[in-house]
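Student: kindly generate the corresponding structure for this input.
(2 chains)
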Amino acid sequence: MDTGTIIIGLTIFVLACFAGAELISKVPQTLHTPLMSGSNAISGIAILGALIATGRPESIDAESVIGFFAVIFATINVVGGYMVTNRMLQMFKKKKRKKKE
Amino acid sequence: MSTVNIIDFVYLISAVLFMLGIKNLSSPATAKLGNYLSMTGMGVAILATLASPDMFGFTMIIIAIAIGAAIGGYAAVKVEMTSMPEMVALFNGCGGAASALVAMAEFNGQTATFANFTLITLLLSIIIGGLTFTGSIIAYTKLQGIISTRPITYPFQQVVNAGIVVLTLFLTYTVFQDPSNLFAFCMIIVLSLSLGVLAVIPIGGADMPVIVSLLNSYSGLAVSMTGFALNNNALIIVGSLVGASGLFLTKIMCDAMNRSLANVLFGAFGAVDESIADGSEGPAGSMKGFEVEDVAIALQNADSLIIVPGYGMAAAQAQHVTRELGDFLTEEGVEVRYAIHSVAGRMPGHMNVLLAEADVSYDQLFAMEDINDDFSTTDVVLVIGANDVVNPAAKTNPSSPIYGMPILEVDKARTVVVLKRSMNVGFAGIENELFFKDNTMMLFGDAKASIQNLLTAVKE
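Tutor: Residues are numbered from 1 along each chain as shown, chains lettered A, B, ... in the order given. Next comes the predicted model:
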């Protein structure tokens, strides 16, 4: 990997950190749990690396076996994370209050 | 454009979708849409990866995804809302494990051809991912009550932990010098796994919101490191988003307790303090236990009520009956609001989720800074299983361990009703002088049963 690629990677990393902090500071306390489980689901993006590790070798070898388990863990993270987040968000409702006489 | 370019471009689209997803979490009204955007981003990224021309092992991939989806989906559907903190911790641990495994697979895949930078980021990914995995599992077992929520301490604990960190870094340097040193590589894995266990066991139950947030941040960092190693921009961007998010929540939690992160991590807060156990420092006066009928009369005479939920409400599963009581009193013309401290419960926003589950409208929920000025003009405050977050010692007693922590100033209300399981001190092991004040009515017993009885009594 040449130095230029590393610098580009670091640039992306630093800018994304700032963007992340900025976006998250707007999330109200009420939604902190869904924020956590939602960002947790996103961190399952490691699944991309896991898919590559599993799918790249042309026959089953150590890499693809480790990758296989990585895909399982990452899928639990992604599927479980999104589903609980969705379940929680379904519950956040603003009730229409009955007007009292 | 080559296929690789196209895939990278799709990754950019999914990164934008993730950011829009988080942006839409800024309001409960748009949050669901946000989650769908984020899911779309994930789906697109996965499809793009699978479409890559050098993919072969589809059978294994399909089996692995089916297994993972079945486990994750089952857990997500079955989990009780009160158990959400441990569920999130567990999913988070899976994320950490996935990052570490990807790094291991990569290490195995092309040992000979590593650039220095790739090697370092791979090793960091294994270390951070590994400790996230075991740390999250310990957090899970603590939150589930499988192991004690009290801090587990032993002599020279921090020296031992520091020693392990130094040894891990030394081995990392060794492998960096000689990537074929398989023994050192395996030792790094073992040490990082044990580091996760050792770092989390000394942390007490009341500090769990901080540690769950921090582990979330670590799993993001691990993903970023994997991204650097694989030269995959999607992983770098998403990892840093999650890392920043976790760190931000960690900071909010620490600020809400007026403690530094170092104090949370190394302070063993809530270890049983002998001097308090002696009773030598207990506040003067005595706790006055009241009957349900007395409290019901206070509620019937009130025009305004603020409900302050804490972990005790979650433990007793009392959120539904609390909402019933709130609704009944609202019908009677009482102004009912909920005041929620940032660190109430076992994870950020824990109380909000439970009350939302019980169908409390989110515009009735108030954060501390929005409601603290209103306690002095409120007739009755109902504290349900909260303790340290309403302890006036945080303001008045410089020798208290929680001195300086921002609290809900419930003691300023005309009457404070505290529902508490027993006379024992709370999770942090600190006496609460609120319980001894003249305007405080203590109602002992299981929170759910107490509120049920209260509801019956106020209806009469």
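
Student: give me the residue from chain A nearest chain B.
Tutor: Residue of chain A nearest chain B, by CB to the nearest CB: residue A:75 (2.5 Å). C-betas here are computed from N, CA, C, even on glycine.

Student: for that residue, the count of nearby residues, please.
Tutor: 28 (other CB atoms under 10 Å in any protein chain shown).

Student: show me the longest helix that occurs in the chain.
Tutor: Looking at chain A here, since you left the chain open. Longest helix in chain A, counting residues (DSSP state H): helix A:3-24.

Student: not what I meant, chain B
Tutor: Max-length helix for chain B by DSSP H is helix B:116-143.

Student: and that helix, is it in reach of chain A?
Tutor: Yes: counting by CB under 8 Å from any CB of the partner chain, chain A is contacted by helix B:116-143 at B:117-118.

Student: list the buried residues in that helix.
Tutor: In terms of neighbour count (16 or more other CB atoms under 10 Å in any protein chain shown), helix B:116-143 has its buried residues at B:117-143.

Student: now swap in stretch B:288-305 and tell me
Tutor: By 16+ other CB under 10 Å, the buried positions in stretch B:288-305 come out as B:290, B:292, B:295-296, B:298-299, B:302, B:304-305.

Student: run the angle between the longest helix of chain A and helix B:116-143 for me.
Tutor: On the basis of axes from the mean of the first three to the mean of the last three CA atoms, to 10 degrees, helix A:3-24 is oriented at 30 degrees to helix B:116-143.

Student: quick one, what contacts residue A:81?
Tutor: A:37-38, A:40-42, A:44, B:72, B:76, B:91, B:95 (CB atoms under 8 Å, 6 or more residues apart in numbering or on different chains).

Student: need those in TSV (columns: distance to residue B:180).
Tutor: Below are the contacts of residue A:81 laid out as TSV (distance: CB to CB, whole Å):
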residue	distance to residue B:180
A:37	41
A:38	41
A:40	36
A:41	37
A:42	35
A:44	32
B:72	37
B:76	42
B:91	35
B:95	30
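
Student: quick one: which of the residues you listed sit in helices?
Tutor: Short answer: the contacts of residue A:81 in helices (DSSP H) are A:37-38, A:40-42, B:72, B:76, B:91, B:95.

Student: could you look up the SS state of residue A:58?
Tutor: coil (DSSP: H, G, I helix; E, B strand; the rest coil).

Student: just give the nearest non-adjacent residue to the residue positioned nearest the centre of chain B, would you?
Tutor: Nearest to the mean C-alpha position of chain B, by CA atoms, centre = their mean, lies residue B:347 at 2.8 Å. Closest residue in space to residue B:347, ignoring its immediate chain neighbours: residue B:85 at 3.9 Å, by CB to CB, 6 or more residues apart in numbering or on different chains.

Student: close enough to count as contact, that neighbour and residue B:346?
Tutor: Yes: using CB atoms under 8 Å, residue B:85 is in contact with residue B:346, at 4.1 Å.

Student: shared neighbours, those two?
Tutor: With CB under 8 Å, 6+ apart, residue B:85 and residue B:346 have common neighbours B:143, B:208-209, B:212.

Student: including secondary structure and pLDDT, could those residues go into JSON lines?
Tutor: As requested, the shared contacts of residue B:85 and residue B:346 are exported to JSON lines (DSSP: H, G, I helix; E, B strand; the rest coil; pLDDT from 0 to 100):
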{"residue": "B:143", "secondary structure": "helix", "pLDDT": "87"}
{"residue": "B:208", "secondary structure": "helix", "pLDDT": "83"}
{"residue": "B:209", "secondary structure": "helix", "pLDDT": "82"}
{"residue": "B:212", "secondary structure": "helix", "pLDDT": "88"}
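
Student: so what's residue B:12 closest to, chain neighbours aside?
Tutor: Nearest to residue B:12 is residue B:233, by CB to CB, 6+ apart, at 7.3 Å.

Student: which strand or helix spans the residue in chain B that chain A sits nearest to?
Tutor: In chain B, the residue that lies nearest chain A is residue B:68 (2.5 Å; CB to the nearest CB). Under the criterion of DSSP states H and E, residue B:68 resides in helix B:58-78.

Student: can you pull the residues of the stretch 201-350 of chain B lying near chain A?
Tutor: Counting by CB under 8 Å from any CB, the stretch 201-350 of chain B sits next to chain A at B:212-213, B:216, B:219-220, B:222-224, B:226-228, B:230-249, B:252, B:331, B:333, B:340, B:342, B:347-350.

Student: let me know the pLDDT of the closest residue to residue B:432 other than its chain neighbours.
Tutor: Nearest in space to residue B:432, with sequence neighbours left out and distances taken as CB to CB, 6+ apart, is residue B:391 at 4.5 Å. We have a pLDDT of 90 for residue B:391.

Student: list the contacts for residue B:391?
Tutor: B:400, B:402, B:407, B:430, B:432-434.

Student: where does the stretch 251-400 of chain B have low pLDDT?
Tutor: Counting by pLDDT under 70, the stretch 251-400 of chain B contains low-confidence residues at B:268-286.

Student: ok so, going back, between the buried residues of stretch B:288-305, which is nearest residue B:189?
Tutor: residue B:305 (54.5 Å; CB to CB).

Student: for the closest one, name its beta-bridge partners.
Tutor: residue B:336, residue B:380 (DSSP bridges).

Student: identify the residue spatially nearest to residue 53, adjacent ones excluded.
Tutor: Since you didn't name a chain, this refers to chain A. Closest residue to residue A:53 apart from its sequence neighbours, by CB to CB, 6+ apart: residue A:67 at 3.1 Å.

Student: actually, chain B is the one I wanted.
Tutor: Counting by CB to CB, 6+ apart, the residue nearest residue B:53 is residue B:3, at 5.6 Å.

Student: residue contacts, that neighbour?
Tutor: With CB under 8 Å, 6+ apart, residue B:3 has these contacts: B:51-53.

Student: point to the residue nearest the middle of chain A.
Tutor: Mean-position check on chain A, CA atoms, centre = their mean. Result residue A:42 at 0.8 Å.

Student: who's in contact with it?
Tutor: Contacts of residue A:42 by CB under 8 Å, 6+ apart are A:81, B:18, B:21, B:38, B:41-42, B:238, B:241-242.

Student: and what of residue B:397?
Tutor: Residue B:397 touches B:403, B:433, counting by CB under 8 Å, 6+ apart.

Student: repeat that for residue A:38.
Tutor: A:81-82, A:85, B:21-22, B:25, B:34-35, B:38.

Student: for the residue of chain A closest to chain B, what is the enclosing helix or strand?
Tutor: Residue A:75 belongs to helix A:62-75, assigned by DSSP H and E.

Student: list the buried residues of that helix.
Tutor: In terms of neighbour count (16+ other CB under 10 Å), helix A:62-75 has its buried residues at A:63-75.

Student: tally up the residues packed near residue B:226, please.
Tutor: That count, for residue B:226 with other CB under 10 Å as the rule, works out to 33.
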